[in-house]
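In: return atomic coordinates for the entry below.
(2 chains)
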Number of protein chains: 2
Amino acid sequence: MTGTLTPPVTAIGEDDLESLARGAAVLGTGGGGDPYIGRLLAAQALREHGPVQLVAPAQLPDNATVFPVAMMGAPTVMVEKTPSVERIGHAVAALAEHLGVTPTHIACIEAGGVNSTFPLVAAARLGLPLVDGDGMGRAFPELQMVLPTLHGVAATPMSIGDEKGNVGLLTSIDNHWAESLARSLTITMGCAAIISNYVMTGAQAREGLVAGTLSLCTRIGRRVEQVRAAHGDAVLAVADELGGRVLHTGKVVDVARRTTTGFARGSAVINGADGDLTLEFQNEHLVALRDGRVEVTTPDLIIVLDTDSGEPVTTEALRFGHRVSVLAAPADERWHSPGGIALVGPRYFGYDTDPVRFDARERP
Amino acid sequence: MTGTLTPPVTAIGEDDLESLARGAAVLGTGGGGDPYIGRLLAAQALREHGPVQLVAPAQLPDNATVFPVAMMGAPTVMVEKTPSVERIGHAVAALAEHLGVTPTHIACIEAGGVNSTFPLVAAARLGLPLVDGDGMGRAFPELQMVLPTLHGVAATPMSIGDEKGNVGLLTSIDNHWAESLARSLTITMGCAAIISNYVMTGAQAREGLVAGTLSLCTRIGRRVEQVRAAHGDAVLAVADELGGRVLHTGKVVDVARRTTTGFARGSAVINGADGDLTLEFQNEHLVALRDGRVEVTTPDLIIVLDTDSGEPVTTEALRFGHRVSVLAAPADERWHSPGGIALVGPRYFGYDTDPVRFDARERP
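Out: Down below sits the predicted model:
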């Protein structure tokens, strides 16, 4: 039982997983995959090893060694080839051995379905605290697309492993090359791999990460549950938690998909009372257009929720006839810097538009 | 000046490179690429660091640590992105550091154009002796296709690096997975990479390698030169050195190629006094057919030489109108074991035929 709407979150136990996974899927902005497998593994790890302590980035000592861990590839594939709890811990251990350092903390590099729960597995397995933060404040599809890149943190040395026991250690000349090399191994490994990279000192993590992501996810998840129990509007509650607003509500009337080089690309049209809103996605929702006019783009968050339940809807789960609400919310301010826009702006993804920032005011 | 036809070869200096490279291209059976780049780099390294000592496998102490080094990918690409002498040495150094062992010897994993000269570069650069042997006794296109695989030597841990400075360290569950993972990195690195793998103790190298490859290559190369200077038949001299025979002499009347997944596949028809001989190749020549009847297949050696000069002709260099002689010669006996045939027999390469061994007798 949670007594208030926003209780402090200082540890994640098995009972928190449902809320955490729901909130993570919200910040996943359509990507990050079905959090089911991540939750299943995290539940197993937390049952075996007990709750994982959360540490705010501000509390990290300078000389901490923070090891992010994540899943790379197509989350849908994970259902077919679930890695074991041991393998997830091994990704961290292999990199730690290679670097000759002892990890003091685990971190999330992405706020996404699977990638918010995977690090819990590693933390539980290795008996380490987890940083309450992440490297994006949302989800993005490529490895170099993290705020630590903007702060000069190298993506490599990194480890990459599959569920069978194949392991690679990569050192690249820059973070884009880390993406290319790791992507080709991920595809060969069967389109899903476990990675550990962007190892940071405490000082680097304080500067490079977005603070509070996991407690925010958990709060969002709990609030959706509470509001729903009270027959309130869960969609509005989520918008409130994120400082965002509802752009559009309606019915999915068209979804076009193509899967190319491991990414789920496509677009969806949502027909509502005030016309059509079109979403362009590549794993994550990246551009929202109304009547041909770009309303919001990456790096700001474009989130699709089931209108009735407030549950997040992944791009893969978007179906004709689904009644959904589209929220927009502001990204971490650093993403709007020139370096941030070069990494994750709409043009990087091939959309011929300047970035359009989320505007808290209703459109005229 | 060489005083006899077969002087002992105990070291490789700059003056030996031409002979070595020519002989290596003969054993390369059409693959291994133009040895020009390998020779160029080796010449530079030998000029800087002096000749490289050759050590017979039989002379290796049990506790030697032998590091093979090789080029993976398309040899033709190397011309565009030549690695530095330093990078080739670095492939060995990176693996040695990862394993925490000090290399005592360098070795060739393949007798092929580039892969017989690359290890010279590493040996010269690192000041180490080179094993007079190789892992195949010929050339084959995939990483697991070496005799050490048959002797239970693991392909990994291995290093893989490009000319830019990207480096991977791979540990695979078996040698086929090492090929898959390293191949995908090689393609991402631009279709050419430097690898070090199959690290062996002296005892393993004595058992697993083919002895005498580099001195054999050098002898072949010298003999071609000498016989040609004496206006003799260089093709017959090569056949004699290899214990092989001339299958066919004629003119290339057809060459069909297709490059798929990094391999040069195709077939060539050679029209001569006794009809047509068809060669099927995939980097290397793998099957020779006459009138639809399979005459010789992999693992035995099928070698194409320029009829006049005795110079080896790579599959890429085969051209309409070229007058060539086709030799066949026996492979290392271990390749004919069931395990050897499973690794490199014609069916592995997709040819619907049982292996046909080289027969020293003339066909009826």
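In: just the helices in chain A please.
Out: Remark: helices assigned in chain A by DSSP state H are A:17-27, A:36-49, A:75-78, A:85-99, A:113-126, A:147-150, A:175-188, A:202-208, A:213-229, A:234-242, A:338-344.
In: pull the CA atoms of the second one into CSV?
Out: Going back to what we said before, that points to helix A:36-49. The C-alpha trace of helix A:36-49 is given here as CSV (Å, rounded to 0.1, in the frame of the first residue of the first chain):
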residue,chain,number,x,y,z
TYR,A,36,7.2,-8.0,-19.7
ILE,A,37,10.5,-9.9,-20.1
GLY,A,38,12.5,-7.3,-18.3
ARG,A,39,10.0,-7.4,-15.4
LEU,A,40,10.1,-11.2,-15.3
LEU,A,41,13.9,-11.3,-15.0
ALA,A,42,13.9,-8.5,-12.5
ALA,A,43,11.3,-10.2,-10.4
GLN,A,44,13.4,-13.4,-10.4
ALA,A,45,16.5,-11.5,-9.4
LEU,A,46,14.8,-9.4,-6.7
ARG,A,47,13.2,-12.5,-5.3
GLU,A,48,16.5,-14.2,-5.1
HIS,A,49,18.7,-11.3,-3.9
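In: hmm, A:G244 is touching A:D359, no?
Out: No. Using C-beta atoms under 8 Å, A:G244 makes no contact with A:D359, being 10.6 Å away. (C-beta placed from N, C-alpha, C; glycine too.)
In: show me where the stretch 201-350 of chain A has its strands.
Out: A:210-211, A:245-260, A:263-272, A:275-282, A:284-290, A:293-297, A:301-306, A:323-329 (DSSP state E, counting those that start in this stretch).
In: closest to B:D162 out of the helices of chain A?
Out: Checking the helices of chain A against B:D162 by C-beta to C-beta gives helix A:175-188 as the closest, at 9.1 Å.
In: which residues of the stretch 101-250 of chain A lie near chain B?
Out: A:164-173, A:177, A:180-181, A:183-185, A:187-189 (C-beta under 8 Å from any C-beta of the partner chain).
In: any idea which helix or strand in chain A has the lowest mean pLDDT?
Out: Across the helices and strands of chain A, mean confidence by mean pLDDT, DSSP states H and E is lowest for helix A:75-78: a mean of 67.
In: quick one on the thing from earlier: need the winner for burial among the helices of chain A.
Out: helix A:113-126 (a mean of 29; mean count of other C-beta atoms under 10 Å in any protein chain shown).
In: could you find the closest non-adjacent residue to A:S84?
Out: Distances taken as C-beta to C-beta, 6 or more residues apart in numbering or on different chains put A:E163 closest to A:S84, at 7.0 Å, once the chain neighbours are dropped.
In: picking that back up, pick out the shakiest of the helices of chain A, pLDDT-wise.
Out: Mean pLDDT values for the helices of chain A show the minimum at helix A:75-78, a mean of 67.
In: contact partners for the nearest residue to A:F358 once chain neighbours are set aside?
Out: In space, and not counting its chain neighbours, A:F358 is closest to A:D300: 4.0 Å by C-beta to C-beta, 6+ apart. By C-beta atoms under 8 Å, 6 or more residues apart in numbering or on different chains, A:D300 lies in contact with A:A328, A:A329, A:P330, A:A331, A:R357, A:F358.
In: change it to 10 Å
Out: A:29, A:138, A:244, A:286, A:288, A:328-332, A:335-336, A:355-359 (C-beta atoms under 10 Å, 6 or more residues apart in numbering or on different chains).
In: show me which of the residues you listed are buried.
Out: A:29, A:138, A:244, A:286, A:288, A:328-332, A:335, A:355-356, A:358 (16 or more other C-beta atoms under 10 Å in any protein chain shown).
In: which pair of those spans the longest distance?
Out: It's A:A288 and A:D332 that sit farthest apart of the buried ones among the contacts of A:D300, by C-beta to C-beta, at 18.9 Å.
In: tell me the domain ranges of chain A?
Out: In terms of domains, chain A is parsed into A:11-213, A:233-344 (source: automatic domain parsing).
In: Serialize those to TSV and add fields for distance to B:L60.
Out: Formatted as TSV, those follow (distance: least, C-beta to C-beta, whole Å):
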stretch	distance to B:L60
domain A:11-213	29
domain A:233-344	45
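In: what is in contact with A:G244 and A:D359 at once?
Out: Common neighbours of A:G244 and A:D359, counting by C-beta under 10 Å, 6+ apart, are A:V296, A:D300, A:A328, A:P330.
In: identify the bridge partners of A:I195.
Out: A:A70, A:I160 (DSSP bridges).
In: and A:G212, how many neighbours does it have?
Out: Look at A:G212: counted by other C-beta atoms under 10 Å in any protein chain shown, it has 18 neighbours.
In: save the helices of chain A as CSV, and put in distance to B:A193 too.
Out: Formatted as CSV, the helices of chain A follow (distance: least, C-beta to C-beta, whole Å):
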stretch, distance to B:A193
helix A:17-27, 37
helix A:36-49, 34
helix A:75-78, 26
helix A:85-99, 20
helix A:113-126, 30
helix A:147-150, 25
helix A:175-188, 11
helix A:202-208, 31
helix A:213-229, 38
helix A:234-242, 45
helix A:338-344, 27
